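In: What follows is a predicted protein model with its sequence.
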Amino acid sequence: MMIPELPFFLTSLGGADYKGLIISLFTLTAMISRPFSGKLADRIGRKPVIMTGSLVCFFCSMTYPFLSTVFGFLLLRLVHGFSTGFTPTGQAAYLSDIIPVDRRGEAMGLLGTASTLGMAGGPALGGWLSTTFTIDVMFFCSSAFAILSSTIVLTIKETVTDKHAVSWRLLSVRKQDLFEPRVLVPCLVMVMTAYAYGNLFTIIPDFGAFLGVKNRGLLFTYFTVASLLVRLVGGKASDIFGRETVLKVSTFMMMVGMLWIGFADTKLMLIVGAFIYGLAQGATSPTLLAWATDLSDPEHKGRGIASLYIFMEFGIGMGALTSGWVYSNDASNFFTTFLISSLLSGLAFIYLWTRPATRPMQNT
């Protein structure tokens, strides 16, 4: 809901040169918090971890309207990152507890579909609220959705039975808590493909405005609708044909989509490029999540999932920061920013074709 409007909100505060930090600061905190959320999800339960992220989202959404400085905005973006650092980790771990392994890709696709529904309607709704009312109304509506999500979580049953008591000791992160070596391969693919995501969400609002798109949120809607169309199919296909087979197709499509956007000189071309990228992202995300879950130690699923998300946040953050720096508010640099994303997606495609095969999926 907020992402398409935040670059212009920051500009109104006098921070036009810091647009690249909108996503990168958010993802920095999300990345740092992953080892903690993964460990806590395994130790104290999935529900508390999910709800922590939702409550952070509520607090931050309520605070944006009261900001008056660039520093305050950037600091709040850091805090807001904890929402993504906690909630998705707990969600994916919870889902992996209740779904059979042979339907894991399908289930992750369903989780992604639910997320994509929010991402499809959110930007368009946010743009409408901002233009019809005020941007503050949009922020308050976002906080209301966060509270609603917390209420829903209260109704589910906890899946972790051997829970530890909450203590400061659980917040101490050891070396082995930082990363799950078993999931290295999907993590490498994730970081190369996530760069494009950070690039898209940072630059496309300005690119859309440059090409005459009035409701910036609609560009995100086209992307997320495409992602929605393929998530369930892509996840289920990875159960049938294998994770790597699906990823070879999706990373190639991502490479093409990013290059298409770079060449766009009309609104239609930009929309088509966003749609192609959405199809690719919709297949890539749940497949990587299912693959990482397959490879994780059954007793440390939270850590395995958190490791994948760490690489995702790093890729998104670098994509946002680098793209903002390359773009530098100069329309002549649009092509270069998306070319870099295309090359990295192509590198992921080559890596999947040339690396040795991983061991088969676990049956637990």
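Out: Ah, there it is. The structure displayed is predicted, hence computed values, not measured ones.
In: Okay, buried residues for the helix or strand where residue 348 lies please.
Out: For residue 348, the host element (DSSP states H and E) is helix 334-354. For helix 334-354, the neighbour count (16 or more other CB atoms under 10 Å) marks 334, 337-342, 344-349, 352 as buried. (Each C-beta comes from the backbone N, C-alpha and C, glycine too.)
In: residue ranges with poor pLDDT in the stretch 251-364 of the chain?
Out: In the predicted model, the stretch 251-364 of the chain carries pLDDT under 70 at residues 357-364.
In: ok, 80 please
Out: Scanning the stretch 251-364 of the chain for pLDDT under 80 picks out 297-302, 356-364.
In: Compute the inter-axis angle for the strand or helix carrying residue 275 and helix 334-354.
Out: Residue 275 is part of helix 267-295 when elements are defined by DSSP H and E. Angle, helix 267-295 to helix 334-354, by axes from the mean of the first three to the mean of the last three CA atoms, to 10 degrees: 30 degrees.
In: packing partners for the helix or strand containing residue 257?
Out: Counting by DSSP H and E, the element that carries residue 257 is helix 243-263. Where contact means 3 or more CB pairs under 8 Å, 6 or more residues apart in numbering; DSSP states H and E, helix 243-263 is packed against helix 184-210, helix 217-241, helix 267-295, helix 334-354.
In: picking that back up, beyond the helix holding residue 275, next helix or strand please.
Out: Downstream of helix 267-295 (by DSSP H and E), the next one is helix 301-327.
In: Go through that following helix and flag the buried ones.
Out: For helix 301-327, using 16+ other CB under 10 Å, the buried residues are 301-324, 326-327.
In: follow-up on the earlier one: would you indicate which residues of the helix holding residue 275 are buried?
Out: Those would be 270-295, for helix 267-295 by 16+ other CB under 10 Å.
In: if we can go back for a sec, can the buried residues of helix 334-354 go into CSV with extra columns for distance to residue 111?
Out: Below are the buried residues of helix 334-354 laid out as CSV (distance: CB to CB, whole Å):
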residue, distance to residue 111
334, 33
337, 30
338, 28
339, 32
340, 29
341, 25
342, 28
344, 25
345, 23
346, 28
347, 27
348, 22
349, 25
352, 23
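In: Out of those, which is nearest to residue 100?
Out: Comparing those against residue 100 with CB to CB places residue 352 closest, at 25.8 Å.
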